[in-house]
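>>> Quick one, structure for this:
(6 chains)
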Protein chains: 4
Amino acid sequence: MGPTMDGTKQQRRGNTRQRIQDVALALFAEQGYEKTSLREIAERLDVTKAALYYHFKTKEEIIVSLFEDLTKPILELIEWGRGQPHTLETKQEIIRRYSEALQGAEPLFRFMQENQATVRELRIGDTFKDRMRGLRDILIDPEADLVDQVRSVSAMFTLHAGMFVMQDIEGDPEKKHEAVLEVALDLIAQAHEHARGTD
Amino acid sequence: MGPTMDGTKQQRRGNTRQRIQDVALALFAEQGYEKTSLREIAERLDVTKAALYYHFKTKEEIIVSLFEDLTKPILELIEWGRGQPHTLETKQEIIRRYSEALQGAEPLFRFMQENQATVRELRIGDTFKDRMRGLRDILIDPEADLVDQVRSVSAMFTLHAGMFVMQDIEGDPEKKHEAVLEVALDLIAQAHEHARGTD
Amino acid sequence: MGPTMDGTKQQRRGNTRQRIQDVALALFAEQGYEKTSLREIAERLDVTKAALYYHFKTKEEIIVSLFEDLTKPILELIEWGRGQPHTLETKQEIIRRYSEALQGAEPLFRFMQENQATVRELRIGDTFKDRMRGLRDILIDPEADLVDQVRSVSAMFTLHAGMFVMQDIEGDPEKKHEAVLEVALDLIAQAHEHARGTD
Amino acid sequence: MGPTMDGTKQQRRGNTRQRIQDVALALFAEQGYEKTSLREIAERLDVTKAALYYHFKTKEEIIVSLFEDLTKPILELIEWGRGQPHTLETKQEIIRRYSEALQGAEPLFRFMQENQATVRELRIGDTFKDRMRGLRDILIDPEADLVDQVRSVSAMFTLHAGMFVMQDIEGDPEKKHEAVLEVALDLIAQAHEHARGTD
DNA sequence: CATGAATGAGAATTCATTCAT
DNA sequence: GATGAATGAATTCTCATTCAT
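Next comes the predicted model:
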């Protein structure tokens, strides 16, 4: 007498919350947050709007929960980075792992990138900005040349651009990804070298 | 008993269309397109919503008109670039002028960047993408190494990042701008050099 | 074989039913019936909404049960009054005991007074009106002068007003209560005297 | 081509706001505030819900506007009373004019009385309480005997009771009204006399 | 040029209620 | 005795848009 008596009907177990998150994220990423209505999410799941409200108190809470669940790796990355010496190796490791984290939650980050205006007004807005700043502060030497500071920021944004803009450049995705990572690592290396020379 | 009975009130001549555009752009850039209602725009201008409809047939047309008015420099830049040889000098000139164009219409580009999901669904979406691609095709050598192609794209995005993300790095705005430009030019130069070697 | 099937005093072992009533009454009295949701009641008790439905078939049944439990003294008072002669003493006793009944179930009566529009649509509405009429018919001599009939009604309402409006007049609560009772008794006495004179 | 082209259609002039107020007050008084939905009001007027929102920003604003329009006489009465000496004549005049004011806006006052719990949460709640206190302070001598203070309050509440409760006592409405007024005046007189004696 | 009045569609949210477990 | 999960109906409110004047 398990909770699933047949495989034909949908499994109404404890996974509804998860399914809401999945569908919501897909729609948010595709159409944007404002353009995605709860009606649409509910319809796609074949439940009522009220069911969504059983699992999430507000529409915002859906995106907040996604954010919290999916950006944990980045939070951990920042915490790890803070404890490391500001060496080139650390920075390279940050870039590499950040790249991986981005890929691990691609739809969420596409959403964050394409709905910045919206996100700014949401509760996650500040949290997100804080994290970006956290990463930046690990990558940047505050006394470094301004140009090199820009290089570090540029490295991060190259990864972002790599996710979205590079998509319509032809080529093997795997290869493109490697190329993006290489440019980012290169920028970081350039930024770091000069800084050393300046020391 | 015309609309202007005294000269004390603001000059309600023929500039209403322009004023609508200004206020709309400011609000779109600040809050996003969906979150900005026509009521809000009208209120800020102290006219009725219906007045907006005298000047623009739809809400979308307001943003379209802004886009068309403000991105003309970029369109011209692309046309100019297409007629030039693919030399480093050309590319550098493109980067320089693109940077200027971005600054000349900062709120619009901030809006485009922060409302990508929305923009994609709007009529301007495709136009914008086409322009980005136009620029890219001038900057990129299709036979170049993938890594160098990424460098070129990265140069463009460094300019974008420079507009928005760099804002909360401290420093003289003028100097920051120069630094951003330098990194972009540097990336372009690196991309070009290798390509030459490959030739 | 229902969980509550005895006519004697309740005080069931599982006191949840009682707790629901207590919390519900407190909230109904504070915020009104419509503004108080079952979710709120359940949350305050730290049970689920469904638990409420185990004890009461509907929201209305909660207030009905409260009404029935708490107005029994008044029902008994009416029954007692009906068997008495229409003397001044009887009327005075009614007023005195009514005043006590009101105080014994203050939150309920505050609720009834402040939610008349709602109560009217509920099942208890008619019952309540019947009781009020019952009391009135004991206090009023139908052949008495209209002015004296008003005096009798006014006596009752003075008690009501005493409960709620007098609260923000300063003074010892006990003393205020006595003063209210005195005015009510006085009105009844005046009404009665004239009636006698008319006889 | 005046605003009315035919008599068949409803007169869509400047009276919609007024019509909304009328229908809303009727429904609020009949069913209570919460039980009356904007849909119902709109349907009864044969306009859309959105039309209501053109004239009133929120549901609450409808009742606020009614309150402000209809209780002005009472406000003026209080202001007048404040400037008068605290004689019996003044108090009697207050009672008389208050009684008239109540009758002039009967549905509103019935609504206020029967929806006190709701009104308390609304913006008008405090205003209303203030007015009641204003009246009370004119009628009451603060150094008077507590019993006489109660008499004054009771006079006011007799008028209230007279509006609503007396309805189901048989008799000519005009006569009943006079009787109610007489009892109220009587209470005020009794309260005043004693006070004089105490002075 | 512009307004006043209105609409139709749709949004997020809340509620009392149900029922299998 | 109670819960977890869900529903259906309703609610307040907002928005882009229209049109006669």
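>>> So which residues on chain A come close to chain B?
Proximity of chain A to chain B (Cβ under 8 Å from any Cβ of the partner chain) is limited to residues A:31-35, A:111, A:113-118, A:120-121, A:132-133, A:146-147, A:149-151, A:153-154, A:157-158, A:160-162, A:165-166, A:168-169, A:171, A:175-176, A:179-180, A:182-183, A:187. For every residue, glycine as well, the C-beta is placed using N, CA and C.
>>> if we go to 6 Å?
Chain A has residues A:32, A:34, A:114-118, A:146-147, A:150-151, A:153-154, A:157-158, A:161, A:171, A:175, A:179-180, A:182-183 near chain B, with proximity defined as Cβ under 6 Å from any Cβ of the partner chain.
>>> which SS class is residue A:86?
coil (DSSP: H, G, I helix; E, B strand; the rest coil).
>>> and it, how far is that from residue B:111?
36 Å (Cβ to Cβ, to the nearest Å).
>>> So these two - more neighbours on which side?
Neighbours per residue (other Cβ atoms under 10 Å in any protein chain shown) separate residue A:86 from residue B:111, with residue B:111 holding more: 27 against 14.
>>> tell me which residues in stretch A:168-185 are buried?
Residues A:169, A:176-177, A:179-181, A:183-185 are the ones in stretch A:168-185 that count as buried (16 or more other Cβ atoms under 10 Å in any protein chain shown).
>>> got a markdown table for these, with pLDDT and secondary structure too?
Below are the buried residues of stretch A:168-185 laid out as a markdown table (pLDDT from 0 to 100; DSSP: H, G, I helix; E, B strand; the rest coil):
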| residue | pLDDT | secondary structure |
| --- | --- | --- |
| A:169 | 76 | coil |
| A:176 | 90 | helix |
| A:177 | 91 | helix |
| A:179 | 93 | helix |
| A:180 | 95 | helix |
| A:181 | 95 | helix |
| A:183 | 96 | helix |
| A:184 | 96 | helix |
| A:185 | 96 | helix |
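>>> Tell me the one among these nearest to residue C:60.
residue A:177 (63.3 Å; Cβ to Cβ).
>>> Now that closest one. Nearest residue, chain neighbours left out?
residue A:162 (7.0 Å; Cβ to Cβ, 6 or more residues apart in numbering or on different chains).
>>> Give me the subset of the residues of chain A next to chain B that lies in helices.
A:114, A:116-118, A:146-147, A:150-151, A:153-154, A:157-158, A:161, A:175, A:179-180, A:182-183 (DSSP state H).
>>> Which residue lies nearest the spatial centre of chain A?
Centroid-nearest residue in chain A: residue A:109, 3.5 Å away (criterion: Cα atoms, centre = their mean).
>>> Check the offset of the helix or strand harbouring that one from the chain's centre.
Using DSSP states H and E, residue A:109 falls within helix A:106-114. A distance of 6 Å separates the centroid of the chain from that of helix A:106-114, by Cα atoms, centre = their mean, to the nearest Å.
>>> buried stuff in that helix?
So, applying 16+ other Cβ under 10 Å, buried residues of helix A:106-114: A:107-114.
>>> from the residues you listed, which is closest to DNA strand E?
For the buried residues of helix A:106-114, the closest approach to DNA strand E (Cβ to the nearest atom of the strand) belongs to residue A:111, at 14.9 Å.
>>> So, low pLDDT: which residues of chain A?
Filtered on pLDDT under 70, chain A yields the residue ranges A:1-13, A:195-199.
>>> who in it is up against DNA strand F?
Counting by Cβ under 7 Å from any atom of the strand, the residues of chain A lying close to DNA strand F are A:12, A:14, A:16, A:47-51, A:53-55.
>>> which of those residues are close to chain C?
Checking the residues of chain A next to DNA strand F against chain C (Cβ under 6 Å from any Cβ), there are no matches.
>>> Tell me which two of the residues you listed sit farthest apart.
Going by Cβ to Cβ, the pair spanning these furthest: A:14 and A:49, at 20.2 Å.
>>> Comparing the two, which residue is more hemmed in?
Legend: neighbour count by other Cβ under 10 Å for residue A:14 and residue A:49, higher for residue A:49 (13 against 8).
>>> and residue A:24, what does it touch?
Going by Cβ atoms under 6 Å, 6 or more residues apart in numbering or on different chains, residue A:24 touches A:41, A:62.
>>> please redo it, this time with the cut-off set to 8 Å
A:36, A:41, A:62-63, A:66 (Cβ atoms under 8 Å, 6 or more residues apart in numbering or on different chains).
>>> could you pull out the helices for chain A?
Taking DSSP H, the helices of chain A run over residues A:16-31, A:38-45, A:49-55, A:59-70, A:72-82, A:88-104, A:106-114, A:116-121, A:124-139, A:146-164, A:173-198.
>>> What are the buried residues along the first one?
Taking 16+ other Cβ under 10 Å as the neighbour-count basis, helix A:16-31 is seen to contain the buried residues A:16, A:19-21, A:23-25, A:27-29, A:31.
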